Each structure stands twice: as structure tokens, then as C-alpha cells.
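>>> quick one, structure for this:
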Amino acid sequence: MSKRKWFWAVPMMLVVLLLVLGGCSKENDGGANSPAPSTDSETNAVSTPKADEPPANLTFFYSNSGVPHPEGVDPNNNPFLDIVNKLANVKLKVEVPSYQEFETKFNLLMASGKLPDLVHTPYLSVAEKSGDDGAFIDLKKYYDNSPIIQKVISKEMMELTKSKSGHYYRIPMAWDKAPQGSGLAVRFDLLEKYNEGKFPATVEEYVDVMYKIKKANPKAIPMTNRVVGASMLTYGGDTLYQLLGAAPYANRIKGDQVIPNFGTPEFMKATKIMRQLYTDGILDKEFSTNSLDKWSRIISGDFDTLMEWNTADQMPYKGEGAIKNTNPLTKEARYVVAPPIQVDPVVSNPLYVESFKALPVIDHGVYISSTSKNQDAAWRVIEALASDELDEAIWYGFEGEHYTVGADGKKIVDFQKLEADKAVSWAFHLHLIRGFVSGQEAMKEKSMAIMGEEYGKFVFDSMIPMQQQADKNGIHPLTLVEPKLSDESAAKRTEMNEFISKALAEAIMSRISMEELDQRIAEFNTKYGTVFAELTQIYKDIKPELPALGVKVVNW
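Have a look, this model is predicted:
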């Protein structure tokens, strides 16, 4: 569930969301201007239906987020949906397309105008445009009267969901419980073997270790890469850029100006090193075309790939994956988070290489259709999706099957059994409100059970420095600035990524000289200068608002 975003995503960020001010639409009132639903503020009960009211028949279209129902599990008849149906007093009929088909089917659904009662999607821009066209109701009045949702989505988090037109069409997926920051996931077993168990302190020292690996193992691929859409350099291939604070598709703030990393001194230094690594066979010769499958085969094989860059929430999974690896040649692989390196002399501002916090909500959202004939019942479904009952079942399974309760009242969970039970583990994708990273305590217990006490502690302790940096720095301003771009400028994102990717590939493979790369950079700045001028003006305009939104570094 990668959170890598388009070219101007801040290097340390997971997601980019909208933050704008405005009023409410008259045409999309739906349930928003109708009497508010009743709620029980003393318990976790969902908004209360009328006495003896029969279950409402509702339809729900949602994404499985890459975790499908396994064979033998009926999406419309299972214990998890039973929890939602019971709490909300509804009978849901769900449609859950495959992950590969979801975007196409979602777009067709929006174009048809024939919507189910509820829709979940991670495709925010399409959903908001559909909301502006009348497809969804404004949920603010429901939210204002729902202690259940307010417990999960704070008022500040809800404010971050406001559309450019000033509406609250969605209840977002919370991301506030996620481990914070991004960093270098490095194979410590390779550092033990080739660097006396020491973490390199500079970019040059990391490069030296990769040369040592290649010398000892000629078939090694010390640095590989995964292509993600128009972004050619991502996991693995962008590590040197990240260590130098110049992620290729990201921007930075310099003074009061927003400028691209593309072409900065830090970017140029990383590119020169990459050029040499490619020539010497340290960098994967197919770095510019590697698919997810190819990248996965390399890092899980016996190619001694040293490192990759990833977000904090993914780090325990790297550790778990090492333990689960069934390849006898790489069974000893052990990933941990490397501590920050010394700030390189070329880095013009130490903040460029530090971690920042992610926004507390992400693009996933649940919407209520304006054509729904029972919008109160649809709202109860949203509350049920955020309930304690569903949350506990997803993280811990069911008593007697996956856990017992000790004399002290605490759950004793068999996490290996829980993870292996395909009839249960799929329900992770129902965390549509509380979020995929909500159960940190349960996730850590599971990870420790898999990794073992010693290695598990090593992994989680290694995450502390980047999280401390992120807490210190707060949210990066650009995560609030960039979503405010005009549609015209935002539409150029893929084109800009492609431009950077093409220039980088040619420079790294020595198909163009560094002087010719300078010319490409100048062309980029001329061609897309208006985008950065607009970003700069937005930044200046909203600076006074930023501290109240969790931004701790306003002036650069």
C-alpha cells in the first residue's frame, strides 16, 4: 500500500490532501441541511434508528485497497459485515471490485450517475468533482452531531477534508496513528559482513560499502530501483537523493520561494554519483524499467541489495519480510532503519534532510450519495465502520478462535494464527475510517511475535530518531501548499515527472553529458516556471494559517 505521490510530494511525506476555505452548497444539501441524526454520546452506539425500525437495505461500493476477499469468503455475508449491519441497523449489499479494476469501475460509476447509497474511494479529485456536480451530500452536520466519528476524526482533521468548493463530502481515513517520518531501510546483516557492523555516516561511506559488496559478490546488485508510474526513481534508486535532501520529484522552500529539487547542487551531486555507480555495475542496469515484480524478486533474492527509502509505517513490514523469507540464500537478511548521516557539505539547509510528519488524514474517503433514500441509515454505516467493535475484530479476531482473555482482562492473541486465517485477515481493508495504521499496539505485538524479541526491539528502536525528527518539525508546509494549485497547474504533474525521469535516465546512463543535463534543467524551469510561481504565491498567502495546522517550520 504504497503512499508515494506525485512529483512535488515532500520527501518525508506519505500523502497530499486538500485544505481550502469556503461555504456550503445549496444544491448538494441532501442530508446536510436536514435535521441532524440522533446520537448516543455516552456509548459507542451508532446514531439511533427509530424504535422497531426494520433494517434499511443499502448499497455500498468500495475498494479492497489491495487486500481481496479470499476464496470461500462472501463479501455480502461474513462476520465483519455482520458487525456493521447490526450496529447500523442495515442490510448492506456491497460491490467490491478487484484492486486492478477499481479505478476503471469507479470512474464508470461516477459517469453513470446511478450511485449506490455509499461510496468509498481513494481517488479524491474525481470524487470531489462529482460532489460539486451534485453526486454526494455535505456531511458536516452529520459530523457535528456524531461523537463516534469525532473520536476518530478530530475537528482539525475534518477541516483538512474540505473541498476547494468549501464542502465536506467525505469522512476521511485517519492516518494520525501512523509512525512518523521516512528513512533508509538498510540490511544490517550486510553491514555486519562488509562494514564491521557500523552504519555509514556519509553518502560516500554508503557508496564504499556497495563497492565492497560487488567486489565480494560479482552477481550482486547493491542498488536497485522500482519504477512507479511517471516517477522513475523511487524505492532504492532514490536513496542517495534522499540522503542529500533532494528527492528527484519533490520541491523545497528556499527563503519565500518554492523551487524544484531538480537541478539543485544536492541533486547534481547525487546524479554524478549515480552516473558512476551505473558505469561500474553497482546500480542495476535495468533501473529505469524495473516493475514492482522485478524489484521484489531482486530485493528478496540473493543479490545483496543494500538499502531502500521508505516511510516509517512500512519499516516493521520490512523486518517481518526478512524473517518470512524462505530463500535459504537470503534467510539471514535483517532490515533496520539507519540513523541519520552527517549533513553533507553540499546541503544548503539541514531541514532538507530531516523527517516531517504526515498529514493526519489521507485521500481515502467514504461518501453518501445525494440520491440515497435513507441518508441517516447511510451515516450509521459510516459510524459502524469507525466502531470499537469492528476495530477489535479486525485487529484481534474473535474470542475463542484467535485470542483468549486472561485473568487481568487483557487479550492473549495468537497473531500467527490470526494472520494465517484468510477468512479473517482480509478484513484489514474495512478499516475505511480508523485507517490501516490505527492499531499500532496490535501491529507491534504481531511484528514482535514474528521477528522475535531481540530483532523486533532492534527494528522498533531504530525507528525512534526519524520519528523524533518528525515530531520536532511537524507537518511540512508544502503538504498544505501544493494541493491548492489551480487545476491547470496540477494537470501538469505527470508531464513534469516524465520530463525529470527522462533527463535523469539519460544522464545516469551517460547518454547525455552533465552539461546537457544543465540544459534540460534550464528548459524545465522555463517550461514550468509558472507552476512554481503559483506555488510560491500560495505559500506566501497561507503562511499565517500554517502554525495552527501543525506546521512548526514556517520560515525557511
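>>> how far away is the residue nearest to P116 when sequence neighbours are not counted from P122?
Counting by C-beta to C-beta, 6 or more residues apart in numbering, the nearest residue to P116 once its immediate chain neighbours are dropped is T59, at 3.5 Å. C-beta coordinates here come from the backbone N, C-alpha and C atoms, glycine included. Going from T59 to P122 by C-beta to C-beta, to the nearest Å gives 19 Å.
>>> K269 now?
36 Å.
>>> what mean pLDDT does stretch 238-257 get?
Averaging pLDDT along stretch 238-257 yields 97.
>>> my error: substitute stretch 478-486 in the last question.
92.
>>> whichever strand or helix holds Y455 packs against which elements?
According to DSSP states H and E, Y455 maps onto helix 453-462. With contacts defined as 3 or more C-beta pairs under 8 Å, 6 or more residues apart in numbering; DSSP states H and E, helix 453-462 has these neighbours: helix 315-324, strand 335-337, helix 440-451.
>>> and the contacts of the first one?
This means helix 315-324. Contacting residues not belonging to helix 315-324 are listed as 179, 183, 185, 300, 310, 333-337, 443-444, 447, 450-452, 455-456, 459-460, 462-463 [C-beta atoms under 8 Å, 6 or more residues apart in numbering].
>>> okay, the angle between it and helix 440-451?
For helix 315-324 against helix 440-451, the angle by axes from the mean of the first three to the mean of the last three C-alpha atoms, to 10 degrees is 20 degrees.
>>> check which residues of helix 315-324 are buried.
Buried residues in helix 315-324, counted by 16 or more other C-beta atoms under 10 Å: 315-323.
>>> for it, what is the distance to the chain centroid?
18 Å (C-alpha atoms, centre = their mean, to the nearest Å).
>>> circling back to that earlier point, with only the CA atoms kept, save the helix holding Y455 in PDB.
Output of helix 453-462 as PDB, limited to C-alpha atoms (Å, rounded to 0.1, in the frame of the first residue of the first chain):
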ATOM      1  CA  GLU A 453      12.200 -10.000  21.000                       C
ATOM      2  CA  GLU A 454      15.800  -9.200  20.100                       C
ATOM      3  CA  TYR A 455      15.400  -8.400  16.400                       C
ATOM      4  CA  GLY A 456      12.000  -6.800  16.900                       C
ATOM      5  CA  LYS A 457      13.400  -4.400  19.500                       C
ATOM      6  CA  PHE A 458      16.200  -3.600  17.200                       C
ATOM      7  CA  VAL A 459      13.800  -2.600  14.400                       C
ATOM      8  CA  PHE A 460      11.500  -0.600  16.500                       C
ATOM      9  CA  ASP A 461      14.300   1.200  18.400                       C
ATOM     10  CA  SER A 462      15.900   2.100  15.100                       C
END
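>>> so which bits of that helix are buried?
Buried residues in helix 453-462 (16+ other C-beta under 10 Å): 455-456, 458-460, 462.
>>> export those as CSV, with columns for distance to D391 and pLDDT.
Output for these, formatted as CSV (distance: C-beta to C-beta, whole Å; pLDDT from 0 to 100):
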residue, distance to D391, pLDDT
Y455, 28, 92
G456, 23, 91
F458, 29, 93
V459, 25, 93
F460, 22, 94
S462, 28, 94
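>>> show me the shaky parts of the stretch 301-450 of the chain.
Scanning the stretch 301-450 of the chain for pLDDT under 70 picks out the ranges 325-331.
>>> show me where the stretch 301-450 of the chain has strands.
All strands of the stretch 301-450 of the chain, identified by DSSP state E, counting those that start in this stretch, fall at 307-311, 335-337, 361-368, 403-405, 411-413.
>>> repeat for the stretch 51-200 of the chain
Using DSSP E, counting those that start in this stretch, the strands of the stretch 51-200 of the chain run over residues 56-61, 90-95, 118-121, 170-174, 182-187.
>>> include mean neighbour count when you put those into a markdown table, please.
Listed next are these as a markdown table, based on neighbours: other C-beta atoms under 10 Å:
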| stretch | mean neighbour count |
| --- | --- |
| strand 56-61 | 20 |
| strand 90-95 | 18 |
| strand 118-121 | 26 |
| strand 170-174 | 26 |
| strand 182-187 | 25 |
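>>> could I get these as JSON lines with distance to T530 and mean pLDDT?
Shown next, in JSON lines, are the strands of the stretch 51-200 of the chain (distance: least, C-beta to C-beta, whole Å; pLDDT from 0 to 100):
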{"stretch": "strand 56-61", "distance to T530": "38", "mean pLDDT": "98"}
{"stretch": "strand 90-95", "distance to T530": "42", "mean pLDDT": "98"}
{"stretch": "strand 118-121", "distance to T530": "31", "mean pLDDT": "98"}
{"stretch": "strand 170-174", "distance to T530": "30", "mean pLDDT": "97"}
{"stretch": "strand 182-187", "distance to T530": "29", "mean pLDDT": "95"}
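>>> those: which one's closest to Y143?
Y143 lies closest to strand 170-174 among those, at 7.1 Å (C-beta to C-beta).
>>> may I have the closest one exported as PDB, CA atoms only?
Extracted in PDB, the C-alpha atoms of strand 170-174 (Å, rounded to 0.1, in the frame of the first residue of the first chain):
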ATOM      1  CA  ARG A 170     -16.300  12.700   2.700                       C
ATOM      2  CA  ILE A 171     -15.300  11.200   6.000                       C
ATOM      3  CA  PRO A 172     -11.600  10.600   5.500                       C
ATOM      4  CA  MET A 173      -9.400   7.700   6.500                       C
ATOM      5  CA  ALA A 174      -7.400   8.700   9.600                       C
END
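>>> check which helix or strand covers L504.
Assigned by DSSP H and E, L504 falls in helix 493-508.
>>> circling back: so which of the helices and strands packed on helix 453-462 is nearest L359?
Among those, helix 440-451 comes nearest to L359, with 17.4 Å by C-beta to C-beta.
>>> pretty sure F287 contacts G237?
Yes - counting by C-beta atoms under 8 Å, F287 does reach G237; the two are 5.4 Å apart.
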